[in-house]
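Colleague: sharing a sequence plus its predicted fold:
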Amino acid sequence: MENRHAIVDTQIGEVTLVAAGLDLVSLYFSRHWYKPAVETFGDQVDPETDMVFSVAARELGEYLAGTRTSFDIPIHIHGDPFEERVWALVNKVPYGQTVTYGELAEQLGDESLAQDVGQAVGHNPLCVIVPCHRVVGKDGKLAGYAGGLERKQFLLDLEEPDESKVGKLF
């Protein structure tokens, strides 16, 4: 199945969406840390005329507007077996919550894997959709994000429960 891609403008910047068949397979930001060669994205199509991209763009817009907490777009994520295990765990982190790299490593059965977990999280090809922004460093500290720490902070702030915002100065 050949890939195709579309570029969508969002409130966190331009994103490149890549699809294969009826599945969304990638979401990359401009200047994404681990973006593959553009040639692998396939032909560029109009997101409004492609069902996968129009649904993905709508859901992404709803999420960024704060009216959606999960995604329904069919996805297919492909990596090595360890990456896929990590991404499956990341995909289970609930909206508005965070987990540390160490906690994910413990869930995999070996807390010494925290750095390997970080590498796998950093190579997540479906940023935002598979919510790697919800993975934080030890003691909840903001750690790397392939789309940039400003985006990660924006996404975490977006998901912060309303009761947590009470009393904060903006």
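Modeller: Perfect, thanks for sending it. Numbering: from 1, shown residues only.
Colleague: residues in contact with Phe29?
Modeller: Ile12, Gly13, Glu14, Val15, Thr16, Cys127, Ala146, Gly147, Gly148, Arg151 (Cβ atoms under 8 Å, 6 or more residues apart in numbering). C-betas here are computed from N, CA, C, even on glycine.
Colleague: packing partners for the helix ranked longest in the chain?
Modeller: Assignment by DSSP state H gives helix 51-64 as the longest helix of the chain. Packing partners of helix 51-64 (3 or more Cβ pairs under 8 Å, 6 or more residues apart in numbering; DSSP states H and E): strand 3-10, strand 13-20, strand 23-29.
Colleague: which among those is found nearest to Val136?
Modeller: Nearest to Val136 among those is strand 23-29; the distance by Cβ to Cβ comes to 18.7 Å.
Colleague: can you mark which positions in the closest one are buried?
Modeller: Buried residues in strand 23-29, counting neighbours by 16 or more other Cβ atoms under 10 Å, are found at Leu24, Val25, Ser26, Leu27, Tyr28, Phe29.
Colleague: roughly how far out does that strand sit from the chain middle?
Modeller: 9 Å (Cα atoms, centre = their mean, to the nearest Å).
Colleague: where does the record place the domain boundaries for the protein?
Modeller: Segmentation of the chain into domains, based on automatic domain parsing, reads 3-64, 81-160.
Colleague: show me what stretch 96-111 is in contact with.
Modeller: So stretch 96-111 is contacted by 69, 85-86, 89-90, 93, 112-118, 121, 134-138, 140, 143, 156, 159-161 (Cβ under 8 Å, 6+ apart).
Colleague: please work out the average pLDDT along that stretch.
Modeller: The pLDDT scores in stretch 96-111 average 95.
Colleague: do the same with stretch 40-56
Modeller: 96.
Colleague: the residue minimising distance to the centre of the chain and His32, how far apart?
Modeller: Central residue of the chain (Cα atoms, centre = their mean): Cys127, 1.9 Å from the mean position. Distance from Cys127 to His32, counting by Cβ to Cβ, to the nearest Å: 8 Å.
Colleague: anything in contact with each of the two?
Modeller: With Cβ under 8 Å, 6+ apart as the test, Cys127 and His32 both reach Ala146, Gly147.
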